[in-house]
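Enquirer: Test case, fold it:
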Amino acid sequence: MRETATAPLLAWSRVFPAVPAQVREARQFLSAILDGRPATDDSILCLSELVTNATVHSRSREPEGHFSVRVHLDGGCLRVEVSDQGGPWAQPAQTDERNGRGLLIVDQLARAWGRDGNDQIGWTIWFEMECW
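Expert: Purely as a prediction, here's the structure:
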């Protein structure tokens, strides 16, 4: 009987200061990990939306605030998590041409996404995609 080899779980994580310039740094972090896999562009767009939300809408935006990005590759599945420092969770009150579309974009591009945590300990927003 022949055993089939499975790819090992690979994981990376990094903490970023929660300032707008770090959105680009987070995108570069994920881009280097995915190295041109088919889901790279969609994954980077989803990450960008989640990181922007963390830097704009959570307590991470306060002085000395931070957010973290965790990336897991398990076989052909990619999971990306963005954790912030909490704060009230509210659906966008208004969607216009420039604001309020981040989670809608994630919902359209990701296979699955969700939210864990609470306003006191922090939120972790995650998404999953098939990566190859």
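
Enquirer: correct me, but L34 touches D41?
Expert: No - assessed by Cβ atoms under 8 Å, L34 is found out of contact with D41, at 9.3 Å. (C-beta placed from N, C-alpha, C; glycine too.)

Enquirer: Comparing the two, which residue is more hemmed in?
Expert: Taking other Cβ atoms under 10 Å, L34 and D41 do not tie; L34 has more neighbours (20 against 13).

Enquirer: check contacts around the more buried one.
Expert: T40, S43, I44, L78, C131 (Cβ atoms under 8 Å, 6 or more residues apart in numbering).

Enquirer: swap in V15?
Expert: H66, F67, S68.

Enquirer: now do 7 Å
Expert: V15 is in contact with H66, S68, counting by Cβ atoms under 7 Å, 6 or more residues apart in numbering.

Enquirer: Show the pLDDT at it.
Expert: Looking at V15, its pLDDT is 98.

Enquirer: Partner strands of whichever strand or helix holds it and their direction?
Expert: Following DSSP states H and E, one finds V15 within strand 10-17. Applying DSSP bridges, strand 10-17 is found paired with strand 66-74 (antiparallel).

Enquirer: quick revisit: past the strand holding V15, which element shows up next along the chain?
Expert: Heading C-terminal from strand 10-17 (DSSP H and E), you reach helix 22-34.

Enquirer: Now do that following helix against strand 66-74: the angle between them, please.
Expert: Interaxial angle of helix 22-34 relative to strand 66-74 (axes from the mean of the first three to the mean of the last three Cα atoms, to 10 degrees): 20 degrees.

Enquirer: No further queries at this time; thank you.
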